[in-house]
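Asks: How does the following fold in three dimensions:
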Amino acid sequence: MSNLRLKIAFWNYDRTRPLTDGTVKFDGVDASFSSTPIVSEIFERMIRQHEFDVSELGLTYYLRTLDFDEPPFIALPVFPNRCFRHSAIFVNTSSGIKKPQDFAGKTIGEFAVYGHDAGVWPKGILSDEYGVTPDQCRWIVGGLDFPMSPIDFIPRPHPANVDVSMVPEGKELGEMLQTGEIDALIAADVPKCVLDKAPQVARLFPDYKSVEREYYKRTGIFPIMHTVVIRRDVLVQHPGLAQVIYRGFCDAKDAAIEQYRTGMIFNNMGTMIPWLSQLLDEDRQVLGDDWWKYGVAANRKAIDTFLRYHFEQGLSQRRLTCEDIFVPELLET
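Replies: From the prediction side, this is the model:
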């Protein structure tokens, strides 16, 4: 596999940066790396043009490609983006929503696409833990604080009994939340009106850190947003490549963990964020020394939960398992 040239794309994460700066290398691979300011641009280029040999993909974006007649990708159990999502739910303060159960009967905005990665998790949690299912709400999908063209490079299914429409032309979900045109919003990104502390908007869970930590302690789930995929045709041509790519991502993650650990010696002066070392200590107490764990075994519960939500929300044609979505030779990781 010496000097195998590969095009690889992912966002500029701290746990992938050791690959792009050369600290960590893929064994026997001459890699050229690409990134974009908005990670979904990588998704589109990979799905439309198969532009990269290896690429980060949103988990729901990848799962939807499995419904193609000839699925072009298969995933590695690498998860560069994961985030707790109780904090992704925002409400208009005049909507009458005081608790999760109040979502029933309301009009909810959702960023980008019905069932984006940061939307699948909150919908599933609202259903599992509070008894509010998507069919009890009306959904409006669109851009957050800027006009956004419909995402048309993946299938966009939703159950027939769920009311889903696109944001009206000239409207944006952030503004609609502030004016009360929608009652609530689920979004991976924080709307400007929330950042500006507009009095008309709030989070459903104001103390979201405590809620999310309690959720993790109770369930053991650190929600997964994105995975890494490899083109199936490339894998056929180069047996064993999946293990090489997986190992490289693991080594890069381990290098980032070590950088944070040693950074505490010098008070993390690379960022100088006040009390960052204390936060790292607190996170280790809750999540362990490696909260970005890769591999199937350490993440099976989180993955299976997402796959169940994806099917229940009408986004998958069948109930998938880890064995359906990951490279077979990495299922024992």
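Asks: Give me the phi and psi for the residue most central in space within the chain.
Replies: Geometric centre of the chain, nearest residue: residue 225, 1.9 Å, by CA atoms, centre = their mean. Per-residue torsions, residue 225: phi -100, psi -50 (degrees, to the nearest 10).
Asks: From residue 74, how far off is it?
Replies: 19 Å (CB to CB, to the nearest Å). Every residue, glycine included, has its C-beta placed from N, CA and C.
Asks: for residue 323, same thing?
Replies: Residue 323 is 12 Å from residue 74, by CB to CB.
Asks: Between those two, tell me which one has more neighbours.
Replies: residue 74 (20 against 9; other CB atoms under 10 Å).
Asks: Show me what that one bridges to in the sheet.
Replies: With DSSP bridges as the criterion, residue 74 is bridged to residue 230.
Asks: quick one, what contacts it?
Replies: 229-230, 232, 235, 325-327 (CB atoms under 8 Å, 6 or more residues apart in numbering).
Asks: Can you tell me which of these has the most neighbours?
Replies: Busiest of those [other CB under 10 Å] is residue 229, holding 28 neighbours.
Asks: That one contacts residue 79, doesn't it?
Replies: No: Residue 229 lies out of contact with residue 79 (CB atoms under 8 Å); the separation is 11.8 Å.
Asks: residues shared between the contacts of the two?
Replies: Common neighbours of residue 229 and residue 79 (CB under 8 Å, 6+ apart) do not exist.
Asks: Surely residue 211 touches residue 86?
Replies: Yes: between residue 211 and residue 86 there is a contact at 4.9 Å, judged by CB under 8 Å.
Asks: which one of the two has more residues nearby?
Replies: Ranked by neighbour count (other CB under 10 Å), residue 211 and residue 86 place residue 86 first, with 22 against 16.
Asks: so what's the backbone phi/psi at that one?
Replies: phi -60, psi -30.
Asks: where does it land on pLDDT?
Replies: Confidence at residue 86, expressed as pLDDT, is 98.
Asks: cool, and residue 277?
Replies: 88.
Asks: Give me the contact list for the helix ranked longest in the chain.
Replies: For the chain, the helix with the greatest residue count under DSSP state H is helix 241-263. Here helix 241-263 makes contact (CB under 8 Å, 6+ apart) with 1, 4, 14-19, 23-29, 54, 76-78, 80, 228, 230, 234-235, 268-270, 280, 289-290, 292, 294, 327, 329-330, 333.
Asks: Quickly list the domain ranges of this protein.
Replies: 4-81+224-253+295-330, 86-219 (automatic domain parsing).
Asks: which residues in the protein form helices?
Replies: So, for the chain - with DSSP H - the helices run 17-20, 39-49, 59-65, 117-130, 173-179, 192-195, 208-219, 232-237, 241-263, 276-287, 300-312, 322-325.
Asks: Which stretch among these approaches residue 159 most closely?
Replies: helix 300-312 (9.3 Å; CB to CB).
Asks: who does the closest one touch, helix- and strand-wise?
Replies: Using 3 or more CB pairs under 8 Å, 6 or more residues apart in numbering; DSSP states H and E, the elements in contact with helix 300-312 are helix 59-65, helix 117-130, helix 322-325.
Asks: just the ones you listed: most buried one?
Replies: For the helices and strands packed on helix 300-312, average neighbour numbers computed from mean count of other CB atoms under 10 Å are highest in helix 59-65, which has a mean of 24.
Asks: would you put the C-alpha positions of that helix in CSV?
Replies: Extracted in CSV, the C-alpha atoms of helix 59-65 (Å, rounded to 0.1, in the frame of the first residue of the first chain):
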residue,chain,number,x,y,z
LEU,A,59,-24.6,10.0,10.3
THR,A,60,-28.1,10.6,8.9
TYR,A,61,-26.6,11.7,5.6
TYR,A,62,-24.7,8.4,5.4
LEU,A,63,-27.7,6.3,6.5
ARG,A,64,-29.8,7.8,3.7
THR,A,65,-27.3,6.7,1.1
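Asks: For burial, what's the neighbour tally of the closest residue to residue 276 other than its chain neighbours?
Replies: Using CB to CB, 6 or more residues apart in numbering and skipping the chain neighbours, the partner closest in space to residue 276 is residue 268 (4.7 Å). By the criterion of other CB under 10 Å, residue 268 has 19 neighbours.
Asks: Verify the contact between residue 268 and residue 275 for me.
Replies: No: with contact defined as CB under 8 Å, residue 268 does not reach residue 275; the gap is 9.7 Å.
Asks: hmm, back to that, now the contacts of residue 74 as JSON lines including distance to residue 219?
Replies: What follows is the contacts of residue 74, written out as JSON lines (distance: CB to CB, whole Å):
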{"residue": "229", "distance to residue 219": "26"}
{"residue": "230", "distance to residue 219": "30"}
{"residue": "232", "distance to residue 219": "33"}
{"residue": "235", "distance to residue 219": "33"}
{"residue": "325", "distance to residue 219": "21"}
{"residue": "326", "distance to residue 219": "22"}
{"residue": "327", "distance to residue 219": "27"}
